[in-house]
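Student: I'd like to go over a predicted model; first the sequence, then the structure.
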Amino acid sequence: MFTEGIIKQCSIVLTRGCNLRCKFCYVKNAGYVENDKIKYDDLKRIVEFCCEAKVKYIFFTGGEPLTYSRLPEILQYIKTRNHPMTTAIATNGVLLKDSKLCKTLIDSGVGYIDVSMKGKDQREWYEMTGYDGYEAQHQAIRNLALLPIDFTCSMVITLENVQSFCDSVQIAHNNGAKQFSFTFIIDNDDAKEKDLAYLQKHDPMKLVSDFISQIDKLNAITDDWWVEYSFPLCVYTAEQLELLKGRLATPCQIHLKNAVTFNTKMELLPCDMYIYQQVGKFGVDFSSYQEFLLLTESAGYSKTMDAIRKLPSDECSVCKHFDVCYGGCPVLWKNYSFSALKEFKAKRLSN
């Protein structure tokens, strides 16, 4: 349930089209349909909804949001509203090699940009994305570093890049980046392997351990970094949690109930990970903030969200980390159970 005045962020999928094909993309199953984009008039209606709801942040995502031609226009429109909101963009940054585009976005009012790093060199970039955007992204970082804009370089940490991610950080830092965030890969696919078989192949504990082993090297480059929300804290050891103290981000909007997400068709999603789980549609099920609040109290909405929020185990509710964990990202549990993770961890620690 939402209560009045607590929606802090609204994420809006501008387009499903993208100029990259990242192996780890959490929405790749939505396809890369270039004409699957939100209508501009519909986008303006969502902005008005955000004003009514007193939203603090509007976050534009995709696909690649920079391929949405009317992005500068909607940023300028937001600036004219009576309610002040910070606008942010999540991008691969390739198109920001154009310094004029960077300046246009800033002049239009964008407040924050997240640039997703893909690899330490051209080979790794191509292997991860199917595209060589290595030099273009570095030029983009140099462009942003020279402009009055708050930006972060983020990276999805996988078993393939965990040993080399510090090289990517070093290069970005050399080009002017100051802030860095990391997300342990969240597999949004429905894998054939389940439980122990899945965990043995993807091994979240090894991923965390390998990342932790790079911390000294990372800290020598920058102290301004953090880890985004994904794995439950029981994946970590007590020693690892101590090393990450103060660097773990808060839980997601599904647990905190403080944000909304709209796709290109104005459908309300639990979050952008749940691309096929619509819980309402703007203009059909609600057209105002008050109608939205009524929707969140409906049986259908509550049933869907309660199922997603269901803890992976009763043990979670008595865990000392519950208020900062909530059982981890709900998507993780589609391929393994809590009991399988517990068994896998016990076997791994005993070896």
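Tutor: Looks like it arrived, so ask away.
Student: Could you list the low-confidence segments of the stretch 51-200 of the chain?
Tutor: Along the stretch 51-200 of the chain, no part satisfies pLDDT under 70.
Student: switch to 90 and redo it
Tutor: 82-84, 187-192 (pLDDT under 90).
Student: ditto for the stretch 251-351 of the chain
Tutor: For the stretch 251-351 of the chain (pLDDT under 90), the answer is 251, 272, 276, 347-351.
Student: in it, which spans are helices?
Tutor: 253-256, 289-296, 299-309, 322-325, 338-350 (DSSP state H, counting those that start in this stretch).
Student: Helix 299-309 and the second one, what's the angle between them?
Tutor: Going back to what we said before, that points to helix 289-296. 70 degrees (axes from the mean of the first three to the mean of the last three CA atoms, to 10 degrees).
Student: who's in contact with Leu96?
Tutor: Residues near Leu96 by CB atoms under 8 Å, 6 or more residues apart in numbering: 66, 102, 113, 115, 137, 139-140, 143-144. Where C-beta positions appear, they are placed from N, C-alpha and C, glycine not excepted.
Student: just checking, which of these belong to helices?
Tutor: In helices, judged by DSSP state H, the following of those are found: 102, 137, 139-140, 143-144.
Student: farthest pair in those?
Tutor: Farthest apart among the ones in helices among the contacts of Leu96 by CB to CB are Cys102 and Gln137. That separation is 12.7 Å.
Student: Comparing these two, which residue is more hemmed in?
Tutor: Just comparing Cys102 and Gln137: by other CB atoms under 10 Å the higher neighbour count belongs to Gln137, 27 against 23.
Student: ok, now how distant is the more buried one from Gln122?
Tutor: As judged by CB to CB, to the nearest Å, Gln137 and Gln122 stand 11 Å apart.
Student: Ser164 now?
Tutor: 13 Å.
Student: Over to Thr264?
Tutor: Relative to Gln122, Thr264 is positioned 32 Å away (CB to CB).
Student: out of the two, which sits in the more crowded spot?
Tutor: Thr264 (23 against 12).
Student: still on that earlier bit, nearest to Arg247 among the ones in helices among the contacts of Leu96?
Tutor: Leu144 (23.1 Å).
Student: residues contacting the closest one?
Tutor: Contacts of Leu144 by CB under 8 Å, 6+ apart are 96, 102, 113, 115, 151, 176.
Student: measure it to Gln137 for me?
Tutor: The spacing between Leu144 and Gln137, counted by CB to CB, is 11 Å.
Student: swap in Thr158?
Tutor: Distance from Thr158 to Gln137, by CB to CB: 18 Å.
Student: so where do the strands sit in this structure?
Tutor: 9-13, 57-61, 86-91, 112-117, 150-157, 179-184, 225-227, 259-262, 267-269, 280-281 (DSSP state E).
Student: And the ones you listed: which comes nearest Cys234?
Tutor: Nearest of the strands of the chain to Cys234, taken as CB to CB: strand 179-184 at 13.8 Å.
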